[in-house]
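J.: have a look at this prediction, sequence included:
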Amino acid sequence: MKAQEKIKVWRPEDIAGVELRTGERVTSYYPRHWHEEYHLCVIEKGAGHLIYRGARHLTSAGSLFIVEPGAVHSNETFKDAACSFRNLYVDAELVRSAASDIAGREKSIPVFKEPVITDRDIIALYINLHSLMERPSSTLERESRMMDLFVRLITRYGQDATIQKTGRERQSVYRARDYLIENYSASVSLQLLAEIACLSPFHLSRVFASEMGMPPHAFQTQLRVTRAKEMLRRGVPIMRVAIEAGFADQSHLNRHFKRLLKVTPGQYIQNSKNVQDCF
């Protein structure tokens, strides 16, 4: 007996114009149709065809295909080759805005040279972003990683892609940095931070990373972990620390605390007690 198809659909509450799907063991044929949004899909297992622009394009495991808004297409899997995939639907205006930010001037919606790519760097970014949207994570990190994905896609595979030059925007970066320091626990969007810096979101991300050595979302996470350490040393319970430091929940705190400090919050508390016991 064949395993049943499993489809999951969700929309992140903090980012408008985005819908995500995962599919497991999918064998269904998707007849000719179109979307108002950009449709991106990474094939994780299985293989098939994307019928698009008058041709059949192979969609094998490890490939990413992109279908532009309004473009008629269909999808089929190979016989006895069930597919597992990760879909991302993004409002056309969000992608057009990203292209305009990259160029430093108004642009129409991007057109991509090839519908199927196998760029490992981009596919890794895509899967990282998609997985991030499935678990507790900050709005700033989600938006920053989505911007990074579309920057790579547009500059590498978009037609007529241009990138605006950067100058010395140190004061703009410092305004954004100071806002993050003063509001480390707040849910800050990339758009809000860009408005504070008086720069576009794309431009801010580039110059912030250049000036501070890390992108805004990484700086925010580092701040939150640093403040969490201070609270833990004062004896604040871990669950309360997670919320007051700006993390979505305790697992969100644990993940970043362990990634940056190589110990969990619980281990950090115990180690701190052991050090105190030595005196």
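T.: Perfect, thanks for sending it.
J.: contacts, neighbours, all on C-alpha from now
T.: Fine.
J.: check which helix or strand covers Gln267.
T.: Using DSSP states H and E, Gln267 falls within helix 265-277.
J.: and for Ala186?
T.: With DSSP H and E as the criterion, the answer for Ala186 is that it lies in no helix or strand.
J.: OK, contacts around Ala228?
T.: Contacts for Ala228 were tallied using CA atoms under 8 Å, 6 or more residues apart in numbering; they are Val241, Ala242, Ala245.
J.: go with 10 Å
T.: Remark: with contacts taken as CA atoms under 10 Å, 6 or more residues apart in numbering, Ala228 is in contact with 222, 234, 236, 238, 240-247, 253, 257, 265.
J.: in a strand, it, correct?
T.: No. Under DSSP: H, G, I helix; E, B strand; the rest coil, Ala228 falls outside any strand and is assigned helix.
J.: so how far is Arg177 from it?
T.: Taking CA to CA, to the nearest Å as the measure, Ala228 falls 19 Å from Arg177.
J.: got it, and Glu211?
T.: In this view, Glu211 and Arg177 are 10 Å apart by CA to CA.
J.: between these two, which has more neighbouring residues?
T.: Taking neighbours as other CA atoms under 10 Å, Glu211 and Arg177 compare with Arg177 leading, 21 against 14.
J.: thought the more buried one was touching Ala218?
T.: No. Taking CA atoms under 10 Å as the definition, Arg177 is not a contact partner of Ala218, at 11.5 Å.
J.: show me where the stretch 101-250 of the chain has strands.
T.: Across the stretch 101-250 of the chain, reading from the start of the chain, the strands by DSSP state E, counting those that start in this stretch fall at 116-117.
J.: pLDDT weak spots in the chain?
T.: Counting by pLDDT under 70, the chain contains low-confidence ranges at 1-3, 161-168, 272-279.
J.: domain map for it?
T.: For the chain, whose domains are defined here by automatic domain parsing, the residue ranges read 6-157, 170-213, 223-277.
J.: residues touching the nearest residue to Ala218 once chain neighbours are set aside, list them.
T.: On the basis of CA to CA, 6 or more residues apart in numbering, the spatially nearest residue to Ala218 that is not a chain neighbour turns out to be Glu141, at 7.4 Å. Under the criterion of CA under 10 Å, 6+ apart, the contact partners of Glu141 comprise 129, 132-133, 147, 188-190, 215-218, 220-221.
J.: ok, of those residues, which one's closest to Ile7?
T.: For Ile7, the closest of the contacts of Glu141 turns out to be Met133, at 15.9 Å, with distances computed as CA to CA.
J.: tally of neighbours for that closest one?
T.: Neighbour count of Met133, defined by other CA under 10 Å: 20.
J.: that one contacts Leu20, correct?
T.: Yes. Under the criterion of CA under 10 Å, Met133 lies in contact with Leu20, with a separation of 8.3 Å.
J.: what do the two both touch?
T.: Both Met133 and Leu20 are contacted by Trp10, Arg11, Pro12, under the criterion CA under 10 Å, 6+ apart.
J.: residue ranges of the helices in this structure, please?
T.: Listed in chain order, the helices of the chain (DSSP state H) span residues 92-103, 120-132, 139-157, 170-182, 190-197, 201-212, 216-233, 238-244, 250-261, 265-277.
J.: got these as CSV, with distance to Glu76 columns?
T.: Written out in CSV, the entries for the helices of the chain read as follows (distance: least, CA to CA, whole Å):
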stretch, distance to Glu76
helix 92-103, 25
helix 120-132, 21
helix 139-157, 24
helix 170-182, 47
helix 190-197, 37
helix 201-212, 36
helix 216-233, 38
helix 238-244, 45
helix 250-261, 38
helix 265-277, 47
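J.: between those, which one is nearest to Gln4?
T.: helix 120-132 (22.5 Å).
J.: helices or strands up against the closest one?
T.: Helix 120-132 is packed against strand 18-26, strand 38-45, strand 64-67, strand 83-90, helix 139-157, with contacts defined by 3 or more CA pairs under 10 Å, 6 or more residues apart in numbering; DSSP states H and E.
J.: residues of that helix that come out buried?
T.: Taking 16 or more other CA atoms under 10 Å as the neighbour-count basis, helix 120-132 is seen to contain the buried residues Ile122, Ile123, Leu125, Tyr126, Ile127, Leu129, His130.
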